[in-house]
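Colleague: dropping a prediction and its sequence here:
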Amino acid sequence: MAESTSRLSELISRLKGRKGLRPFSRDIKVDPGTLSGWLSGDVETPRGGNRMALVSYLGCADEDLSRYLAGEVELDELLANLPQTDQPLTINKVLSWIPTLSLNELARLAEAATELIRRRTDSHSIADLIEAELKNRRWPIDRLAQEVDISVEALIRLRNGDQPAEEQLLDLTLVLTKSDGSRWTFDELKAISCSHHRQNTTHTNGG
């Protein structure tokens, strides 16, 4: 096991403590499958949205996490220094920059973000993904409900287009897969859910 992989596993194990994997995944906003990979040592370095979620949960700067994974600081030192860390995350830098924009610039930013979400979610809905998973696996809905630990009644409502809660989205990351076989992440499912909800609201309001 590479040193950075071992250090990541040690960090996640310490943060998780005695808490179960699923409850911890809800706290940290990283899907259980990814957390399992971090804990087992299958993943060397967290990336993208999952890395941002980890840094946000730690309350430290990305540089601090990088130094720990590189072996420049020990785990106790990383955790002990967290309260003194005030370097904002990339997302926080963007949020602090937004109020300085003009209304026209804000409108352009919102339009670009909406279009990016639309492209990345490929016009799916959570109901579509559930239906596709049932078809691909040839499972009855009660089997899927058992796998994700969601009641059959609640899963039927999601299948019929109900807006899922964040906890349900985290549970669904355990089984929902893309066309290439990789699993949908929590952030991706949340974006799909929000985008589809906005579309439905617009149509309902006659927009």
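Modeller: Cool, got the structure.
Colleague: quick one: least confident helix or strand in this structure?
Modeller: Within the chain, no helix or strand scores below helix 90-97, which has a mean of 61 by mean pLDDT, DSSP states H and E.
Colleague: how much space between the nearest residue to Asp187 once chain neighbours are set aside and Ser151?
Modeller: Distances taken as Cβ to Cβ, 6 or more residues apart in numbering put Gly49 closest to Asp187, at 4.3 Å, once the chain neighbours are dropped. To be clear about C-beta, it is placed using only N, CA and C from the backbone, and glycine gets the same treatment. The gap separating Gly49 from Ser151 is 28 Å, by Cβ to Cβ, to the nearest Å.
Colleague: the two: who's more crowded?
Modeller: Neighbours per residue, other Cβ atoms under 10 Å: of Gly49 and Ser151, the larger number sits with Gly49, 18 against 10.
Colleague: and the more buried one, what pLDDT?
Modeller: Note for Gly49: predicted pLDDT of 85.
Colleague: my read: it touches Leu189, true?
Modeller: No: the criterion here is Cβ atoms under 8 Å, and Gly49 misses it with Leu189 at 11.5 Å.
Colleague: just checking, Leu169 touches Ala191?
Modeller: No: Leu169 is not in contact with Ala191 according to Cβ under 8 Å; the separation is 10.1 Å.
Colleague: look at the two and report which has more neighbours.
Modeller: Neighbour count, other Cβ under 10 Å: between Leu169 and Ala191, Leu169 has more, with 23 against 18.
Colleague: skipping adjacent residues, who's closest to that one in space?
Modeller: Nearest one to Leu169, counting by Cβ to Cβ, 6+ apart, is Leu189 at 4.5 Å.
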